[in-house]
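Visitor: okay, here's the prediction I keep looking at, along with the sequence it came from:
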Amino acid sequence: MLVLEKNSMTEEIEALVELHGKDRSALMPILQAIQRDHKYISDFAQQEVARLLDIHPVEVFSVISFYSFLHCVPQGKNIVRLCRTIVCDISGKDEVEKAIKRELKINIGETTKDKKITLEYTNCLGMCDQGPAMMVNDKIFTKLTPEKAVKILKEI
């Protein structure tokens, strides 16, 4: 069964290489597509991308480890990113963060046991005038209070 999974992953990556090309500039869109579809980039996927683009696997891993939105371990179905800029800190982010952690029963960088939500920090959401802010998948929520944040999480 594992061989079948690897074959389908190889075929998927081959299709992405066909779509984006074989040079280094294709690396990021290929990794983003794998991340989007699988919620992480497995060791096997990293090896296959490196092989198909004819680059060293360390280069692939370096890109993944550099960007906070790419992951080497499985993520939850929903990604909650809490802004950690100084403006959000001043606006009450710490209390919002405590409420989120309490509600989800996880810390930053962890995923709920049911794999429904992964909680992360982000460096900036571009909403400094409306902080504290968080992003759930691709939707941004601003002017958070602990109560508002918990209500949003319950609706996921």
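Guide: Noted; the coordinates are in hand.
Visitor: quick one: contacts for the residue nearest the centre of the chain?
Guide: Centroid check for the chain by C-alpha atoms, centre = their mean gives residue 69 as the closest residue, at 4.1 Å. Contact analysis of residue 69 by C-beta atoms under 8 Å, 6 or more residues apart in numbering lists residue 35. C-beta: built from backbone N, CA, C; applies to glycine.
Visitor: please apply the same query to the one 10 residues further on.
Guide: Contacts here follow C-beta under 8 Å, 6+ apart; on that basis residue 79 touches 117, 118, 120, 135, 136, 137.
Visitor: name only those of those that count as buried.
Guide: 117, 118, 120, 135, 136 (16 or more other C-beta atoms under 10 Å).
Visitor: need the pLDDT of residue 75.
Guide: For residue 75, the pLDDT comes out at 89.
Visitor: do you know how far it is from residue 44?
Guide: 17 Å (C-beta to C-beta, to the nearest Å).
Visitor: ditto for residue 147
Guide: 43 Å.
Visitor: in terms of neighbours, single out the busier of the two.
Guide: Ranked by neighbour count (other C-beta atoms under 10 Å), residue 147 and residue 44 place residue 44 first, with 14 against 10.
Visitor: nearest to residue 36, of the buried ones among the contacts of residue 79?
Guide: residue 118 (14.1 Å; C-beta to C-beta).
Visitor: what about the closest one, which SS state?
Guide: strand (DSSP: H, G, I helix; E, B strand; the rest coil).
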